[in-house]
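J.: sequence below, structure please.
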Amino acid sequence: MRRWGDMRLQEQIAGYLFVLPNLLGVVLFVAVPLIFSLILVFMDWDYLRGLNGLAFTGLENIFHLFRDPKLPGALRNNFIYTLVTVPLSMAIGLLFAVALNKAVYGKGILRTMIFLPYVCSLAVIAVVWSIIFNPSEGPINSFLRSVGLENPPGWLASPQWALVALIIIKIWVTVGYTMLLYLAGLQGISKDLYEASEMDGAGRWRQLIRITIPMLQPTTFLLAVVLMINSFQVFALVSVMTRGGPLNSTMVISYHIYLEAFQHYRMGYAATLSWLLFMIIFLVTLVQWKVEKRFQENF
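T.: Residues are numbered from 1 along each chain as shown. Here you go, the predicted structure:
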């Protein structure tokens, strides 16, 4: 019995040792920074002086949220960006998935071409699209002038069109990801459902509405949550292409956090903005979970 107990103890110790490196990584690189950022909400930190630069400010950082002139615009831009990119990326990805799920010539190459932007570096994508959206020499405006449009949009140089340009790029990047997940979801739908509906006289459009979309509901929910979180955290496109301009028309919360932390050296207020962003994402995700649960109950 003692030998059996010793063997079990050794197995348990071995198991803990295998888990220990990952656990240490989570503690050092996730838990500790998370707790420290929460502490910074109530502090002012001159990080160039190390821990000696910490000074307690109470609720000043939270009160400053209501006095920040850039925050309302950043929130508005974030919500517009999310409300447009997420549904359109899912809808276009679903159409591509349905089309490429059939017997299409060269569908393997087409799938790769559509998915390729998602695995490319966002910094490289931002540089390439900056050239494409060039208002004077870019190919898009050159084409628009060739078809008779005398004053094409200014795109990244225009306060009215800069956010639209970022939305277009985001949709182009994300469509491949949504298409891939929808293709996986389509493989799980029984062909008997489509055959039975054809016998009842249902066409392609009716099959899409009555069979495909309802059966893909779990995939749709997963994509909605992932894309929503990703869209609220948009940073690379804004940082490389517009830097929040022109006239703060593309200022978003994540880039506002970066400016406060590393340009204005207000690390405490940047941590407060980070927790505000976390709360927004958490609440939106919670609402999505509630809606999903109610939908499943009704379905």
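J.: for stretch 198-213, which positions count as buried?
T.: 202, 207, 211-212 (16 or more other C-beta atoms under 10 Å). For glycine as for every other residue, the C-beta is placed from the backbone atoms N, C-alpha and C.
J.: so which residue is dead centre in this protein?
T.: Closest residue to the average C-alpha location of the chain: Asn230 at 1.3 Å, with C-alpha atoms, centre = their mean.
J.: show me the buried residues of stretch 198-213 that map onto helices.
T.: With helices taken from DSSP state H, the overlap with the buried residues of stretch 198-213 comprises Gln207.
J.: let me have the buried residues of stretch 198-213 in a markdown table, adding pLDDT and distance to Pro159 as columns.
T.: Shown next, in a markdown table, are the buried residues of stretch 198-213 (pLDDT from 0 to 100; distance: C-beta to C-beta, whole Å):
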| residue | pLDDT | distance to Pro159 |
| --- | --- | --- |
| Ala202 | 75 | 48 |
| Gln207 | 80 | 44 |
| Ile211 | 80 | 44 |
| Thr212 | 83 | 40 |
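J.: would you turn the buried residues of stretch 198-213 into a markdown table with distance to Glu60?
T.: Listed next are the buried residues of stretch 198-213 as a markdown table, based on distance: C-beta to C-beta, whole Å:
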| residue | distance to Glu60 |
| --- | --- |
| Ala202 | 63 |
| Gln207 | 59 |
| Ile211 | 56 |
| Thr212 | 53 |
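J.: nearest to Ala55 among the buried residues of stretch 198-213?
T.: For the buried residues of stretch 198-213, the closest approach to Ala55 (C-beta to C-beta) belongs to Thr212, at 58.2 Å.
J.: show me what contacts the closest one?
T.: 98, 186, 189 (C-beta atoms under 8 Å, 6 or more residues apart in numbering).
J.: average pLDDT for stretch 18-33, rounded please.
T.: For stretch 18-33, mean pLDDT rounds to 89.
J.: and that stretch, how far from the chain's centre?
T.: 25 Å (C-alpha atoms, centre = their mean, to the nearest Å).
J.: what do you get for stretch 80-92?
T.: 10 Å.
J.: tell me the buried residues in that stretch?
T.: 81-82, 84-86, 88-90, 92.
J.: which of those fall in helices?
T.: 81-82, 84-86, 88-90, 92.
J.: now, which of the buried residues of stretch 198-213 sits nearest Leu38?
T.: Using C-beta to C-beta, the buried residues of stretch 198-213 come closest to Leu38 at Thr212, 44.2 Å.
J.: all strands of this structure, in order?
T.: Applying DSSP state E to the chain gives strands spanning 43-45, 54-56.
J.: I'd like the ones in helices among the buried residues of stretch 80-92 as a markdown table, with pLDDT appended.
T.: Output for those, formatted as a markdown table (pLDDT from 0 to 100):
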| residue | pLDDT |
| --- | --- |
| Tyr81 | 95 |
| Thr82 | 94 |
| Val84 | 95 |
| Thr85 | 95 |
| Val86 | 94 |
| Leu88 | 95 |
| Ser89 | 95 |
| Met90 | 94 |
| Ile92 | 95 |
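J.: these two touch, right, Arg206 and Glu198?
T.: No. Counting by C-beta atoms under 8 Å, Arg206 sits too far from Glu198 to count as a contact (10.0 Å).
J.: and Arg210, how far from Lys191?
T.: According to C-beta to C-beta, to the nearest Å, Arg210 and Lys191 sit 15 Å apart.
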